[in-house]
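Trainee: Give me coordinates for this.
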Amino acid sequence: MFGGTFDPVHLGHTIVAREAVEYIGAERTIFIPAKLSPLKGSLPKANDMDRFRMLSLAIAGEDFFEVSDCELKRSVPSYTLDTVRQFQSKYGGGTSVYWLLGADGIDELAHWHEIVELIDECNLAAMYRAGCERPDFRKFEPLWGRGRIEKLRQNIIPTPLVDISSTKVRNRLASGQNVTQMLHPAVLSYIREHGLYGSKPTKPGG
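Mentor: Numbers count the residues shown, from 1 in each chain. As a prediction, this is how the structure comes out:
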């Protein structure tokens, strides 16, 4: 499972997700857009439905990808542990569930809701970019114990270096700069059609 605001989803998201599928040997990856991260103080720029539709467009035709609106349907705050338990119940206790997270979010893990239970009940898989240092979980050992730290280490996933972020995409769209190398063509068309992120709406027939 790959959670995030996806505001908007960009090629970096899908590229690292493909790498994770291959590295883990996963049968599928489920993208889960969040209504509001408990650790962020502001709402996404695009609304829930727009972000869900953009994700659906970005993964169309991908055999191993799907998108779920389970967190969008919940009242906030919505917690990762609740989502993991929902899918574990759906697929059965024998299913190995991985939760993908970027290495840049590791320092926030100590603030995640019931993080110890989350580590125990799924495989938190930290993705780190080529050329960057491998994530180091040692500082968390006094909090979570050696066994959990070893589990986190075993689930580290190397991914390609992709210099794209949703913030960068939004800023370029707002200033009228080219983002064709950052977004799936269908996602870019959707953004322009609906005038998202400060882009000019596409006129009918234009």
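
Trainee: State which strand of the chain is the longest.
Mentor: In the chain, with assignment by DSSP state E, the single longest strand is strand 123-129.

Trainee: Sheet partners, orientation included, of that strand?
Mentor: When pairs are called by DSSP bridges, strand 123-129 turns out to pair with strand 98-102 (parallel), strand 157-159 (parallel).

Trainee: any residues touching it, and which ones?
Mentor: Counting by Cβ atoms under 8 Å, 6 or more residues apart in numbering, strand 123-129 makes contact with 16, 19-20, 24, 96-103, 106, 109, 118, 134-135, 151-152, 155-162, all of which sit outside it. The C-beta positions use only the backbone N, C-alpha and C, and glycine is treated the same way.

Trainee: So which of these sit within helices?
Mentor: Within the contacts of strand 123-129, residues falling in helices by DSSP state H are V16, E19, A20, I24, L118, K151, L152.

Trainee: so the last one touches K139, yeah?
Mentor: I take that to be L152. No - with contacts defined as Cβ atoms under 8 Å, L152 does not count as touching K139, sitting 11.7 Å away.

Trainee: can you redo the strands paired with strand 123-129 as TSV with mean neighbour count and mean pLDDT?
Mentor: What follows is the strands paired with strand 123-129, written out as TSV (neighbours: other Cβ atoms under 10 Å; pLDDT from 0 to 100):
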stretch	mean neighbour count	mean pLDDT
strand 98-102	21	94
strand 157-159	18	92
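
Trainee: Thanks again, I'm all set now.
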